[in-house]
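> Sequence below, structure please.
(chains A, B and C)
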Amino acid sequence: MAAHWFLYASPASFYPIAGRMAPWFAAAAAALALVGLWIGLVVAPTDAQQGDAYRIIFIHVPAAWMSMFIYLVMAFWSALALGYNTRLSAMMAQALAPTGALMTFIALWTGAFWGRPTWGTYWAWDARMTSELILLFLYLGVIALRNGIDDPRRADKACSVLTLVGAVNVPIIYFSVKWWNTLHQGSTISMTAAPKMAAIMVTALGLMTLATWGYAIAVALIRVRAIIVERERGASWLSHLPEVRRLVV
Amino acid sequence: MSIFLSMGGYGWYVWMAYGVTALVIAVELLMLRARRRRTLVEAKLAEPEMPVTTRSSLDPAGMA
Amino acid sequence: MPAVAWALARDLKISLRSKAELGIQLLFYVIVVTLFPLATTPERSLLAAIGPGVLWVAALLASLLSLSRLFAADHADGTLEQMALSPWPLPALVSGKIAAHWLTTGLPIVLLAPLLSAQYALERDAMWILTAALLIGTPILSLLGGIGAALTLGLRGGGTLLALLVLPLYVPILIFGAGSVDAVRAGLSAGPHLSLLGAGLLVALVGAPFAAAAAVRVALD
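Numbering: from 1, shown residues only, chains lettered A, B, ... in the order given. Below is the predicted model of the structure:
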């Protein structure tokens, strides 16, 4: 059983598997997004309090959830990379970071544009948005550390340590920001409180969440393939790949 | 259609949110495609050379 | 334990050889703290409101400035590798170095706090709470910062990369540290804040040396 798992831990054997999986996730993401956006933007009714501005939640909420979920998955792969010293685990963590940062940015941006019409301000230092901003800094820190270290194996281990230290800190940061926020804001409502949701809105939200999930998986698989090629440069299995053989340089 | 675009008067907010999201996703996908192309070219250029051996009947082990 | 004492004594001895450098670090802290009123207002009630925050942020920055030097000199002359190979546990040696860092960077800031509080027109009990919070919090800055310093050892981006990595981790310390003073100024108890800081210090004392030692080994490979 253990041998089975380690078989796929080789970058060379995972490369074709990732290549076969990615298009399916991409197609599913596109289809789910199309239906989800159709329902969210066209079919779902206007909200009584927030007007049509509430429709932003159909990308804000999935992006925010993804930003946190991707960090957890990154931490998982980092723990595996440190524990088993497997290259591919570290490569998966490396592949996830940019997409995680992107999701965090989308959550912050859409949150600001949801906040302005609904609560009167683009930014209000509320607990969730402030924690999200710090999460963005954590992602950017991991990416910066990866870029700053030339040796890929040292970068793997350093980024794994940093990701895990960050993972331990994320709940602490969230809790402390929430505390700070309640002390200073008092009765102000949370800036990202969603309206009471009709069933059809929940459906659209669910579809968009699944779509974002599929997107993140597809992009991570494609990116890890690029990372595998980058880091396994010179290996003979690489030069036998059809996509490399057919290149004329 | 114009009702759709105006989003009940909140058009600026909704479309800035959706628009920039679409933009950054497009940027991520384009950068990913460029990265893949670049790495395949680098892999091609880094191909291990076939070893050139010189062997003749006078020097069968190719040690000259 | 002997490992901690040895590393602490050694690092202190080395730092105290260049007292000028220690003095400059402290001077940086004082100047930054002095800049804020000049940039904002001399109005006493406003100063007292931002004072705790300014003193804390300046403490974070001062701590970061000296952190990049925590392992650099030993790494350059090979001592760090000797430490990693020695029979003494690396986490213990790293703890000693971090303790020396706090004694030369954090402790002076704690001792200056009452004086600098006067610049911000802080009331007496606010001043004491600030000092207490800095006393508990600055060691955490050194402990967490030590992890960052080990991760970025010898890298090109060096100091700024270290700051980028470590500042998000400092946020809870900042919130509870400055928040404790705000609580007292608002007439509430600073107990919860200081307890949480204390708990954070205990966790950092136990966990950070191991994380930093792991990061040192990664950097040495």
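> which stretches of chain A form strands?
Counting by DSSP state E, one finds no strands in chain A.
> For it, what lies in contact range of chain C?
Residues of chain A lying near chain C by Cβ under 8 Å from any Cβ of the partner chain: A:134, A:137-138, A:140-141, A:144-145, A:148-149, A:153-154, A:157-158, A:161-162, A:165-166, A:169, A:172-173, A:175-177, A:179-180, A:183. Where C-beta positions appear, they are placed from N, C-alpha and C, glycine not excepted.
> My guess is A:Leu164 contacts A:Phe76. True?
No - using Cβ atoms under 8 Å, A:Leu164 makes no contact with A:Phe76, being 9.8 Å away.
> Not counting residues beside it along the chain, what's closest to B:Glu42?
The shortest distance from B:Glu42 to any residue other than its chain neighbours is 6.3 Å, reached at A:Arg233 (Cβ to Cβ, 6 or more residues apart in numbering or on different chains).
> whoops, I mixed them up, A:Pro98
In space, A:Pro98 is closest to A:Ile143, 6.6 Å off (Cβ to Cβ, 6+ apart).
> can you pull the contacts of the one you found?
With contact taken as Cβ atoms under 8 Å, 6 or more residues apart in numbering or on different chains, A:Ile143 is in contact with A:97-98, A:101.
> what does C:Ser15 give?
C:21-22, C:100, C:104.
> element containing it, please.
helix C:2-17 (DSSP states H and E).
> right, and the helix or strand after that helix?
Once the chain leaves helix C:2-17, the next helix or strand it forms, by DSSP H and E, is helix C:19-39.
> pLDDT on that next one, on average?
Computed over helix C:19-39, the mean pLDDT rounds to 89.
> burial count for residue 67?
If you meant another chain, say so; for now it's chain A. 25 (other Cβ atoms under 10 Å in any protein chain shown).
> Please refer instead to chain C.
Neighbours of C:Leu67 (other Cβ under 10 Å): 27.
> Now it: closest residue in space, sequence neighbours ignored.
With Cβ to Cβ, 6+ apart as the criterion, C:Leu67 has its nearest non-adjacent residue at 4.3 Å, and that residue is C:Gly145.
> Pretty sure that neighbour sits against C:Leu61.
No - if you go by Cβ under 8 Å, C:Gly145 and C:Leu61 don't touch, sitting 11.3 Å apart.
> Which one's more surrounded, those two?
C:Gly145 (31 against 14).
> Tell me the spacing between that one and chain A.
Relative to chain A, C:Gly145 is positioned 12 Å away (criterion: Cβ to the nearest Cβ, to the nearest Å).
> ok now do that residue, which residues does it touch?
Counted by Cβ under 8 Å, 6+ apart, C:Gly145 has contacts C:63-64, C:67, C:70, C:101, C:162, C:166.
> Checking it next. Helix, strand or coil?
Following DSSP: H, G, I helix; E, B strand; the rest coil, we place C:Gly145 in the helix state.
> Mind pulling up the pLDDT for it?
Note on C:Gly145: pLDDT of 96.
> Kindly report the same for the one 4 residues further on.
Predicted confidence (pLDDT) for C:Ala149: 95.
> One more: the one 3 residues further on?
Per-residue confidence for C:Thr152 comes out at a pLDDT of 93.
> Likewise for the one 10 residues further on?
pLDDT, the model's per-residue confidence, is 94 for C:Leu162.
> A:Ala107 too?
Model confidence at A:Ala107 (pLDDT) stands at 96.
> same question, the one 3 residues further on
The score at A:Thr110 is 95. That number is its pLDDT.
> Start from the N-terminal end of chain C and give the strands.
Using DSSP E, strands in chain C do not occur.
> meant to ask about chain B
Using DSSP E, strands in chain B do not occur.
> Pretty sure A:Thr104 sits against A:Phe137.
No - under the criterion of Cβ under 8 Å, A:Thr104 makes no contact with A:Phe137, lying 9.3 Å away.
> Next up, phi/psi of the residue located most distally from the centre of chain B, please.
Here chain B reaches farthest from its C-alpha mean at B:Leu58, the gap being 50.7 Å by Cα atoms, centre = their mean. The phi/psi pair for B:Leu58 (degrees, to the nearest 10) reads phi -80, psi -20.
> Closest to the centroid, which residue in chain A?
Short answer for chain A (Cα atoms, centre = their mean): A:Gly100, at 3.1 Å.
> could you pull out the helices for chain C?
C:2-17, C:19-39, C:44-67, C:69-76, C:79-85, C:90-101, C:107-119, C:124-151, C:158-185, C:191-220 (DSSP state H).
> Could you save those as JSON lines and add columns showing distance to A:Ile57?
Compiled in JSON lines, the helices of chain C are given as follows (distance: least, Cβ to Cβ, whole Å):
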{"stretch": "helix C:2-17", "distance to A:Ile57": "53"}
{"stretch": "helix C:19-39", "distance to A:Ile57": "39"}
{"stretch": "helix C:44-67", "distance to A:Ile57": "33"}
{"stretch": "helix C:69-76", "distance to A:Ile57": "45"}
{"stretch": "helix C:79-85", "distance to A:Ile57": "51"}
{"stretch": "helix C:90-101", "distance to A:Ile57": "45"}
{"stretch": "helix C:107-119", "distance to A:Ile57": "45"}
{"stretch": "helix C:124-151", "distance to A:Ile57": "35"}
{"stretch": "helix C:158-185", "distance to A:Ile57": "26"}
{"stretch": "helix C:191-220", "distance to A:Ile57": "33"}
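> Out of these, the one nearest B:Gly8 is which?
Set against B:Gly8 and scored by Cβ to Cβ, the helices of chain C come closest in helix C:158-185, at 37.8 Å.
> Which secondary structure elements does that closest one sit against?
Counting contacts by 3 or more Cβ pairs under 8 Å, 6 or more residues apart in numbering or on different chains; DSSP states H and E, helix C:158-185 packs against helix A:127-148, helix A:152-185, helix C:44-67, helix C:124-151, helix C:191-220.
> switch to 10 Å and redo it
Applying 3 or more Cβ pairs under 10 Å, 6 or more residues apart in numbering or on different chains; DSSP states H and E, we find helix C:158-185 packed against helix A:127-148, helix A:152-185, helix C:44-67, helix C:69-76, helix C:124-151, helix C:191-220.
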